[in-house]
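# Compute the structure for the input listed below.
(one chain, ligands or ions: 1)
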Amino acid sequence: MEATAAAGPASRVLLRLAAAGSRTRTDLADHLGLSAPTLSRAVRPLIEDGLLLEDEPSAPTTAEAGRPAKSLRLAPRAAALLGIKLTANDLYAQVIDPLGSALVEVSEPLASRDPDGVVEQIAGLSQRIERSTGMALSGIGLSLGASVVDGTTIAVAPFLGWRDEPIGVRLRQATGLDTIVANDVRAFTHAEAWFGLGHGVDPFALLTLGAGIGCGLVIGGRTIAGAHGAAGSIGHLPLREEGPACEMGHVGCARALAAAPGLAHRASKVLGRRVSPEEIVGPTGLTELALDPQLAGVLEAASDAAGRIVGSIVALVDPELVVVSGESVGLVEAHRQAFDAAVERARHWSAPPPRILTRSFSFGEWARGAAALAIEPWTRAVEAGLRGSSA
Ligand SMILES: [Zn+2]
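Model (predicted):
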């Protein structure tokens, strides 16, 4: 992941070290296209402020190795970034340092779905975390199933019933902390590109299967948001001419075939009783009922649907890697053949087979994704602080 060209040298150094770990000055200067004096000027105040550490090199083992280079790295507590993931009922929080290590993890039920209540709850939580750990938080990242505009305003969050809600500004006012807001799948994609399987992989695509179906794309070092914050909204993609319909009445759309409500609807027909989405997909994965042999056909069709989506992504952006995750990823693992066959049908005959990995995850990792959003704004705030103090 890269900073935008407009970011200053100190911000870019911090971001590079957050993404790549320990680096020599020569490597930093080369990678960021900075002259040695510009890099020195950027680095000096960061070391003085205790944000960067310069490690003494270990002694060279051979004479030919020459003078070993010192390396720079982020101080372990350079920043404490709070990530929050909201679901319809719960709030998951994780505090990370800029290298992605978890410092605190908590979850609690949402006291209210009303924006005022959510702002109050997050402000209270951030104060409690600061008091109990003695750490000063450096920023907040918030993620939820929503279309988000400009990193701050919720255009639509269907499961909370929010519309045009300036939640980022309100959280900033309530906490005094820089706040960035993003769609949850995009935040998770961002974190996966920073610290996870997508590290150093570009283009990188992530498909999540769960209560909904989402897709995140990293292209050219950026997590794509789209012109209206809705990139990757593939839930209602038509995949089949016939079959079940989603709640919007679309026959054979992705949600109808593979999201938890669609799976429950189809399971109800097979089992001849009403099955709720929660009976099929739990917070940590598919339930025992979902894996009942009677529902194999339902899951297989869902896996085929996931394969059709991944095949389309592959045809459109030729990713270096696709990760399939989410609470329902087990349906792809259980019916991998149907999934692979669907991907294969969509692949251009001249393109090499795509690299696809499945991975399970917890809601804590959604929160970590939200926290990762706050890294870049933190680096900019540090840079602005340096400019302020030298003015
Ligand atoms: Zn639909």
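# My assumption is that residue 256 lies in a strand; please confirm.
No: under DSSP: H, G, I helix; E, B strand; the rest coil, residue 256 falls outside any strand and is assigned helix.
# In contact with the nearest residue to it once chain neighbours are set aside, which residues?
Ranked by CB to CB, 6 or more residues apart in numbering and with sequence neighbours excluded, the top spatial neighbour of residue 256 is residue 246, at 4.0 Å. (Glycine included, C-beta is placed from N, CA and C.) If a contact means CB atoms under 8 Å, 6 or more residues apart in numbering, then residue 246 has 235, 236, 253, 255, 256, 259, 261, 262 as its contacts.
# Just put those residues in TSV and tack on neighbour count.
Below are these laid out as TSV (neighbours: other CB atoms under 10 Å):
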residue	neighbour count
235	21
236	15
253	26
255	25
256	29
259	27
261	17
262	27
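# what about residue 12, distance to residue 187?
With distances taken as CB to CB, to the nearest Å, residue 12 is found 22 Å from residue 187.
# Of those two, give the one with the bigger neighbour count.
residue 187 (30 against 23; other CB atoms under 10 Å).
# Residue 373 is in contact with the more buried one, correct?
Yes: Residue 187 is within contact range of residue 373, at 5.3 Å (criterion: CB atoms under 8 Å).
# which residues does residue 324 form a beta bridge with?
residue 207, residue 358 (DSSP bridges).
# Settle this for me: it is touching residue 310, isn't it.
Yes: if you go by CB under 8 Å, residue 324 and residue 310 touch, sitting 6.9 Å apart.
# average pLDDT for stretch 316-329?
Mean pLDDT, computed over stretch 316-329, is 94.
# Report the separation between the two terminal residues of it.
Using CA to CA, to the nearest Å, the end-to-end distance of stretch 316-329 comes out at 22 Å.
# Show me what from this protein comes close to the ion.
Residues of the chain lying near the ion by CB under 5 Å from the ion: 236, 246, 248, 250, 253, 255.
# Output the residues you listed in a markdown table; the columns should cover pLDDT and secondary structure.
As requested, those are exported to a markdown table (pLDDT from 0 to 100; DSSP: H, G, I helix; E, B strand; the rest coil):
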| residue | pLDDT | secondary structure |
| --- | --- | --- |
| 236 | 95 | coil |
| 246 | 92 | coil |
| 248 | 92 | coil |
| 250 | 95 | coil |
| 253 | 96 | strand |
| 255 | 95 | helix |
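# Out of the residues you listed, which comes closest to residue 273?
residue 246 (21.0 Å; CB to CB).
# How much space separates that closest one from residue 282?
21 Å.
# ok, the residue lying closest to residue 307 once chain neighbours are set aside - contacts?
Sequence neighbours aside, residue 342 is the residue nearest to residue 307 in space, at 2.8 Å (criterion: CB to CB, 6+ apart). Residue 342 sits next to 303, 304, 305, 306, 307, 308, 310, 311 when contact means CB under 8 Å, 6+ apart.
# which strands and helices sit next to the helix or strand that residue 307 is a member of?
Using DSSP states H and E, residue 307 falls within helix 296-317. When contacts are defined as 3 or more CB pairs under 8 Å, 6 or more residues apart in numbering; DSSP states H and E, helix 296-317 sits against strand 204-209, strand 213-219, helix 254-258, helix 260-271, strand 321-325, helix 330-334, helix 336-346.
# can I see the domain layout of this structure?
Domain assignment for the chain by automatic domain parsing gives 9-75, 81-190+365-387, 200-358.
# what is residue 143 paired to in the beta sheet?
Beta-bridge pairing of residue 143, defined through DSSP bridges, involves residue 85, residue 182.
# And the pLDDT for it?
The model's pLDDT for residue 143 equals 96.
# Show me how far whatever helix or strand residue 364 lives in is from its chain's centre.
Taking DSSP H and E as the definition, residue 364 sits inside helix 363-373. Centre-to-centre, helix 363-373 and its host chain are 6 Å apart (CA atoms, centre = their mean, to the nearest Å).
# Alpha carbons of the helix or strand just after it, as CSV, please.
Toward the C-terminus, helix 363-373 is succeeded by helix 375-390 as the next helix or strand (DSSP H and E). What follows is helix 375-390, C-alpha atoms only, in CSV (Å, rounded to 0.1, in the frame of the first residue of the first chain):
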residue,chain,number,x,y,z
ILE,A,375,-2.9,4.5,9.8
GLU,A,376,-2.7,6.8,6.9
PRO,A,377,-4.6,9.7,8.6
TRP,A,378,-2.3,9.2,11.6
THR,A,379,0.8,9.7,9.4
ARG,A,380,-0.7,12.9,8.0
ALA,A,381,-1.5,14.2,11.4
VAL,A,382,2.1,13.6,12.5
GLU,A,383,3.4,15.5,9.5
ALA,A,384,1.0,18.4,10.1
GLY,A,385,2.1,18.5,13.7
LEU,A,386,5.8,18.7,12.6
ARG,A,387,5.0,21.5,10.2
GLY,A,388,3.0,23.3,13.0
SER,A,389,5.9,23.0,15.5
SER,A,390,8.5,24.3,13.0
